[in-house]
Each structure stands twice: as C-alpha cells, then as structure tokens.
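# below are the sequence and a predicted model for it; my questions follow.
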Amino acid sequence: MTIRILPAIGDPDTARAVAALLGALPHAEPAPQAADSTALLDTLAGAVPPGANGPAAVEALPEVVLVHERIGPLPALDLIREVALRFPAVGVVLITTDAGPALFSAAMDAGARGIVKLPLGHDELAARVQAAAQWSAGVRAHLGAGQDALPGPAGTLVTVTGAKGGVGTTVAAVQLALAARGAGRSVALVDLDLQSGDVASYLDVQFRRSVVDLAGIADISVRVLQDAVHDHPTGLGLLLAPDEGERGEEVDDRAARQILTALRSRYEVVIVDCGSQMQSANAAAVELAGTALLVTTPDVVSVRAAKRQVRLWDRLQIRKAEDTTTVINRLTRHTEIQPPLVAKATGTQVARTTVPAAFKELQPCVDSGRMQDLDSRSTVRAALWALAGELGLIDVPEAVPGRPGHRARPSLTGRKRKALTAGPGTAAHRAPGAAATGPRDPAAPEG
C-alpha cells in the first residue's frame, strides 16, 4: 500500500532530515512540505475535489500528516486538534524533542496517532508512519462500508469585520444571514463581538445562553450545541455574545475554533459578526473563514482604519490582504472615495456590490430591533442580498430579482421617443440649449 505523507515542518534543518528519511521509507509518497499551519490546512482542504463527498472525498486526502512542534502560527497541539476535527480520516504524527508522558498525553487528547522524538531515527519514524497509515486505512474502510461522511465541516464560514465601529458590520451580517436563510439554507449567525455585540438587539432576542457557555466544554455534542443556540422565528440559529462584556475573555482562540467547527458540521452557512476590535477568538474566526469581509464606509477615517486592520492581520499572520474582501457601505455617486481607490489603499479585493447610503430605510427596523422586517423594496436590503449572491450564499437569479447598484433604464416619454425617431440632426427636436452645450463627456466631472 502506498502511503501518502504530508509533512508540516517549520524548522529548515528538521525539514531536510525529514525529507531524507521519508525518501528512504518503503512505499512512501511524500508530498511537498508545508511551511506553516495555514499552508497545511489549505493543502488538505485543496486536496478534496470540488463537489466530492463521502468516501471519494476522504480518499483524496493523504494518509499521514507529520507536524513539527515548532510549526506556526498555530501551535502544534492546536493544529493537530484542528486537523483531527476537520479531516478525521488523516493520521497525525507529532515530531518533538520532548516525548515525555505529559506531552504524549496532551498529543493523544488533541488527536495525534503517535509521537516521533528528535533527533529522528529511520526505524522509529517508519514504525509511527506505518501505524498511523494503518489506522487511517481502517477509518477509510469503515467510511466506505456505508457511512457517508464529509472529511471536514460542510458549512461555509463567512466572517464580517468592521474597519471601525459604526460602519454597519452587524447590519451586513444579519442581512447576509437572512438572505442565505431565505434561499433555503440552514444558517447560524454567531456574535463574536464579545464586549459589545448587538445581534440580539437587531433581532429582538432575549436569550440567557451565549457563546461563553460553550467556551469551557471540551467536547461539544449536538445536544450541548442545541442548548446554546437560540432558534429564531426567521429560522436562523443564533449564538449570541454575552450580556456581561467582561465574560468575553473566557472565549479564547481554541474555544472559538472548536465552536465554529461544531457549527459548521451542523449548518450549511455560518455567518460570524466579528465586530471591529480584534481579540483571539474573532482573530481565529477570520483565520478559519472561507470568506472574510471587511466593511468600511467611503471616508478617509474608515478607509485608513480598514488599511490598519488589514496590516494587523498580515503582521499576525491571520489573513493576507489579497484574501480579504472589502465591502463599501453608504456609497453615493458623489462620494469622492470610490471602490477603485479603496482597493488601491487597502490592497484587498473590493466586492462588486456596494451598499447605498439610505439610513431612513433602516431606521424604523433598527429602532424597533426587528431587522428581519426590513422592506423587500429597500435598496440597502437589495444590495446586501445581492452581495450574498456574489459570495455564493444564495442563487442570484431566484433570490435577488434585478441587480442593486444598476438602475433600470427609465421608460421613454413621448417627447423623447419622437426625438430619437426624428434623429439627432433635427433642431426642432433638440432640447433648449442643446446646440450650445453639445453632448456631455462622460469622463468630465459633474457640476
């Protein structure tokens, strides 16, 4: 049996030693090494063909993953736990200088199938790889015997982060969730703005449980998740921020990863409101997200804040600028800062769909705390639902009639129709003053 091995080694010397030993192992097929935890998770996720499901998806993954103790930015044990949760048919082996009982127990609890001690020996590495590969083969055979399971969370994870406070982050998150739910998908809306979350206020919810109640639970079962998630009348599953902001510190990055993984295994779409202040929990959410949205308004202060946020993510190796999508809220035709300038300033992708400035449409629903009652004719709602279509959360032709941001062509009046049929050369059909001004250059500034 050929054993496909994916090494994730952060140290160059160890990487060379591992490569040499793997090349000498019988029936081993080593893959190119992943330099960090992000590259490893991306490689595993990319190994599954699009649309693949069940045993076919599992078979596309390598049998063994080697994780070095000095891998980063995610700590080695957290990375092992993440791989075990998302790709349970992959055997993980930890490479470490300390093979003591404490580390061995912690690695087994995280989901590792073995430990190899540095400096590496051929026989020990071969034995651990063989054992992990046999375990992986047994799991895959069990899945192929009739159980139809995904290799990892099936749900799409979208995070919505504000460049600063007051740019419309929560409104965008709520409307994206409502749009996905309106398309018939199961949706969870998570409020990870742990100190000042407002999802409950926007949806008129009073619920005593919050995301903090899941923070101290090692194994989140379906029943535990049901107890913490509020079933909203709209069909959304709400996991709310705590009423006491100081309790938000109880949710660390490990808890956030575990909670989001549990939600993705149950819901098709998971929308996370990350607020505008980065903490370990919402930073982990942004790192895990398939799509990370950064909401800003077209003014200098907000765009600078967006640029500052993107640089923060890059320094902390949370997310690259080119993997971030910026959403421009409250845009008007006369705004000096337009989408191309925002893209140039932040280095991010800018969503094609922009949200117009129309707070009067929102104010009654905001004041009543019933964002779900926003009129379907609202330009803000239409734009955010169109954004959901752009992100693939809904089917655009069915869920969003028309394209917000592109105004329909007005019907011609009788006078305009006669002018067009008579041709441009007839002076009688020109508007007064047209001969003096001539046609307007579309590139010329207004006014």
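Okay, I see it.

# that's a helix at residue 158, yeah?
No: using DSSP: H, G, I helix; E, B strand; the rest coil, the assignment for residue 158 is strand, not a helix.

# counting neighbours, what do you get for the nearest residue to it once chain neighbours are set aside?
If you skip the residues right next to it in sequence, residue 158 has residue 291 as its closest partner in space, 4.7 Å away by CB to CB, 6 or more residues apart in numbering. In this view, the C-beta of every residue, glycine as well, is placed from N, C-alpha and C. Counted with other CB atoms under 10 Å, the neighbours of residue 291 add up to 16.

# now residue 291: how far from residue 221?
Between residue 291 and residue 221 the distance, using CB to CB, to the nearest Å, works out to 28 Å.

# could you list the low-confidence segments of this protein?
Along the chain, the model assigns pLDDT under 70 to residues 1, 50-56, 143-154, 396-447.

# quick one, what contacts the residue nearest to residue 158?
By CB atoms under 8 Å, 6 or more residues apart in numbering, the contact list for residue 291 reads 156-159, 325, 391.

# do that again at 10 Å, thanks
Residues in contact with residue 291, defined by CB atoms under 10 Å, 6 or more residues apart in numbering, are 156-160, 271, 323-325, 391-393.

# how about residue 77?
Contacts were defined as CB under 10 Å, 6+ apart; by that measure residue 77 touches 67, 69, 94, 103, 106-107, 109-112, 254.

# save the residues you listed as JSON lines, and put in secondary structure, distance to residue 6 and neighbour count too.
Output for the contacts of residue 77, formatted as JSON lines (DSSP: H, G, I helix; E, B strand; the rest coil; distance: CB to CB, whole Å; neighbours: other CB atoms under 10 Å):
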{"residue": "67", "secondary structure": "strand", "distance to residue 6": "10", "neighbour count": "28"}
{"residue": "69", "secondary structure": "coil", "distance to residue 6": "17", "neighbour count": "20"}
{"residue": "94", "secondary structure": "strand", "distance to residue 6": "14", "neighbour count": "28"}
{"residue": "103", "secondary structure": "helix", "distance to residue 6": "22", "neighbour count": "18"}
{"residue": "106", "secondary structure": "helix", "distance to residue 6": "22", "neighbour count": "15"}
{"residue": "107", "secondary structure": "helix", "distance to residue 6": "18", "neighbour count": "24"}
{"residue": "109", "secondary structure": "helix", "distance to residue 6": "22", "neighbour count": "12"}
{"residue": "110", "secondary structure": "helix", "distance to residue 6": "17", "neighbour count": "21"}
{"residue": "111", "secondary structure": "coil", "distance to residue 6": "15", "neighbour count": "17"}
{"residue": "112", "secondary structure": "coil", "distance to residue 6": "14", "neighbour count": "26"}
{"residue": "254", "secondary structure": "helix", "distance to residue 6": "23", "neighbour count": "18"}
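
# secondary structure class for residue 95?
The three-state label for residue 95, taken from three-state DSSP, comes out as strand.

# hmm, back to that, got a markdown table for the contacts of residue 77, with distance to residue 31 too?
Putting those into a markdown table (distance: CB to CB, whole Å) gives the following:
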| residue | distance to residue 31 |
| --- | --- |
| 67 | 14 |
| 69 | 20 |
| 94 | 18 |
| 103 | 26 |
| 106 | 26 |
| 107 | 22 |
| 109 | 27 |
| 110 | 22 |
| 111 | 20 |
| 112 | 19 |
| 254 | 27 |
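
# number of residues surrounding the closest residue to residue 246 other than its chain neighbours?
Spatial nearest neighbour of residue 246, chain neighbours left out: residue 195 (7.8 Å); criterion: CB to CB, 6+ apart. Residues near residue 195, counting by other CB under 10 Å, number 15.

# can you give me the distance of residue 195 to residue 335?
With distances defined as CB to CB, the gap from residue 195 to residue 335 amounts to 31 Å.

# would you mark the buried spots in stretch 135-142?
135-136, 139-140 (16 or more other CB atoms under 10 Å).

# ok, stretch 242-255 next?
Within stretch 242-255, the residues that count as buried by 16+ other CB under 10 Å are 242, 247-248, 250-251, 253-255.

# what do you get for stretch 374-387?
For stretch 374-387, using 16+ other CB under 10 Å, the buried residues are 374, 378, 380-387.

# one more: stretch 280-296?
So stretch 280-296, judged by 16+ other CB under 10 Å, has buried residues 281-289, 291-296.

# just stretch 224-244 next, same as before
Applying a neighbour-count criterion of 16+ other CB under 10 Å, the buried positions in stretch 224-244 are 225, 228-230, 232, 234, 236-242.

# just those residues: which are in helices?
When DSSP state H defines the helices, the subset of these inside them is 225, 228.

# and the buried residues of stretch 224-244 as TSV, adding distance to residue 215?
As requested, the buried residues of stretch 224-244 are exported to TSV (distance: CB to CB, whole Å):
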residue	distance to residue 215
225	13
228	10
229	14
230	17
232	22
234	26
236	22
237	18
238	17
239	11
240	13
241	12
242	10
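
# may I see the buried residues of stretch 190-204?
Of the residues in stretch 190-204, those scored as buried under the neighbour-count criterion (16+ other CB under 10 Å) are 190-194, 197-200, 202-203.

# with stretch 4-19 instead?
The neighbour-count criterion (16+ other CB under 10 Å) identifies 4-10, 14-15, 17-18 as the buried residues of stretch 4-19.

# tell me the centre residue of the chain?
In the chain, the residue lying closest to the centroid (CA atoms, centre = their mean) is residue 289, at 2.4 Å.
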